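>>> below are the sequence and a predicted model; questions follow.
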Amino acid sequence: MHALVTCAFTQAVWEESTLPVMNITADSFQTWFLEIMKILTPDQFIMAAALLYYIWRARNQAVWEHFLPRPKRVVQAAAAAWQAWATVHAGVSTAASSSAGTSATSHSIGAAAVENGLPKVYIDAGYHATNGNATAGAIVLTSGGEFMACFHMQLPDCLSLLMAEALACKDALSWLKEKD
C-alpha cells in the first residue's frame, strides 16, 4: 500500500495523473484497488493499472539504479504505454492517455496503417544496464492483426538502452529485407 499509493512520491504521481483516487481511504491495497474499480471509468482504470506498473518500475529504478524519475515522467510513461496498447487494440478509446497530457494522434495513424492493408511490424529490445547484455525481437502481423512471422536474437553488448533499441531496429530491418 505504501509503495503504490501512500508514500509522498506515489501521491505526487497520482495527483499528476488527475485520476480521482486521492480521496480514497483504505487500510489495505486490496481494499483501495476494489474501491478504484468502483469509481473509475474503464479508460481511467486501464490508466490506473499502467500507473501502478510504472510506479513500481520507478521504485525499482530508485532501489537498483539509484535514480528516481519525476512524477510527471512516470505519468507520461504510463500514458504512452496506454496509448500504445490502445493503438495495437484499434477501436479502444484513448481518453485516458489524452487526459494524462499526451496526444492520441498515433492512435489514428495506427488505425490508418491497419486500414491500408499493410502488415504491421513491432520491434523491441531488452537491455540489462548492469552487464550490457541486449536482445532484440520483432513480430509481423497482418493488417487484420494475425501473426505472420517473428524473430529474436542476442545483440552485441550495448552501452545504453538507446543503443540496444537502435540495434534492434537495424537488425529487424535487415531481417525483414531478407524475408522480402
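Arrived safely.
>>> contacts and neighbour counts: CA atoms only from here.
Fine.
>>> the strands in the chain, which residues?
120-127, 134-141, 147-155 (DSSP state E).
>>> got CSV for the ones you listed, with mean pLDDT too?
Shown next, in CSV, are the strands of the chain (pLDDT from 0 to 100):
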stretch, mean pLDDT
strand 120-127, 88
strand 134-141, 90
strand 147-155, 88
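>>> all helices for the chain, in order.
With DSSP state H as the criterion, the chain has helices at 8-17, 29-39, 42-60, 71-88, 95-99, 105-115, 161-179.
>>> worst average pLDDT in these?
Mean pLDDT is lowest for helix 105-115 among those, at a mean of 37.
>>> thinking again about what came up before, quick one, which of the strands of the chain is packed in tightest?
Comparing the strands of the chain by mean neighbour count (mean count of other C-alpha atoms under 10 Å), strand 134-141 comes out on top with a mean of 20.
>>> neighbouring strands - and their directions - for it?
Strand pairing for strand 134-141, using DSSP bridges, gives strand 120-127 (antiparallel), strand 147-155 (antiparallel).
>>> just the CA coordinates for it, please, in CSV.
The C-alpha coordinates for strand 134-141 follow below in CSV (Å, rounded to 0.1, in the frame of the first residue of the first chain):
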residue,chain,number,x,y,z
ALA,A,134,20.9,-6.9,-25.0
THR,A,135,18.3,-8.8,-27.1
ALA,A,136,16.1,-7.9,-30.0
GLY,A,137,12.8,-9.1,-31.2
ALA,A,138,10.2,-8.3,-33.8
ILE,A,139,6.8,-9.6,-34.8
VAL,A,140,4.9,-9.0,-38.0
LEU,A,141,1.1,-9.0,-38.1
